[in-house]
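Colleague: Dropping the sequence and predicted coords here.
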Amino acid sequence: DGYTGTIPTEFGLLTDVTILNLASNTLTGHIPSELGQMVKISYQFFLNQNEISSIPTQLGQMSAMASNFNLRSNSISSSIPTQLGQMSAMTSSFRLDSNSISSSIPTQLGQMSKLTSIFELQTNKISSSI
């Protein structure tokens, strides 16, 4: 806790990391697309409670992600990338709630067929029905 500024693109070089937790800091800007290269992350990708504005499509490359993908309580106003549906190993806790997302919910998220608990999109400005 206590980090400020932007997320370094060089974090994408940490390709053997299995957990990334940058929650509850004062990080601003966007998530670097290079973080999509962290394909071994399987348990935790926490960037909640920051001031992140967009989600790169490349995060969908983290196909080993099985639980705890958490981008809640940011300032995300971009659309939800369809590529996030490629996280087909996801079994629990996919959270994009408490942002400013105003796009529709991509049907590709339905590819996360193993997801059995915690799929949260509430407190956004979602423009489609379920």
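Modeller: Received it, and whenever you're ready, just let me know what you need. Numbering: from 1, shown residues only.

Colleague: Run a quick check on Leu13 versus Leu35, I expect a contact.
Modeller: No: using Cβ atoms under 8 Å, Leu13 makes no contact with Leu35, being 10.2 Å away. Where C-beta positions appear, they are placed from N, C-alpha and C, glycine not excepted.

Colleague: More neighbours: which of these two?
Modeller: Set side by side, Leu13 and Leu35 show more neighbours around Leu35, with 23 against 12, by other Cβ atoms under 10 Å.

Colleague: State the distance from that one to Ser100.
Modeller: 21 Å (Cβ to Cβ, to the nearest Å).

Colleague: try Ala66
Modeller: Ala66 sits 28 Å away from Ser100, going by Cβ to Cβ.

Colleague: Show me which of these two is the more surrounded one.
Modeller: Ala66 (19 against 13).

Colleague: and the more buried one, what does it touch?
Modeller: Each residue near Ala66 by Cβ atoms under 8 Å, 6 or more residues apart in numbering is listed here: Ser42, Tyr43, Ala89, Met90, Thr91, Ser92.

Colleague: cool, and Thr26?
Modeller: Gly2, Tyr3, Thr4, Gly5, Asn50, Glu51.

Colleague: Let's see that with 7 Å instead.
Modeller: Thr4, Asn50, Glu51 (Cβ atoms under 7 Å, 6 or more residues apart in numbering).

Colleague: ditto for Ala89
Modeller: Contacts of Ala89 (Cβ under 7 Å, 6+ apart): Ser63, Ala64, Met65, Ala66, Lys114.

Colleague: likewise Asn124?
Modeller: So Asn124 contacts Asp97, Asn99, Ser100, Ile101 (Cβ under 7 Å, 6+ apart).

Colleague: Which strand or helix spans the third one?
Modeller: For Ser100, there is no host helix or strand (DSSP states H and E).

Colleague: my read: it touches Ser77, true?
Modeller: Yes: under the contact definition of Cβ atoms under 7 Å, Ser100 touches Ser77, with a separation of 4.4 Å.

Colleague: what's the spacing between Glu28 and Asp16?
Modeller: Not quite, residue 28 is Thr, not Glu. Taking Cβ to Cβ, one finds Thr28 at 27 Å from Asp16.
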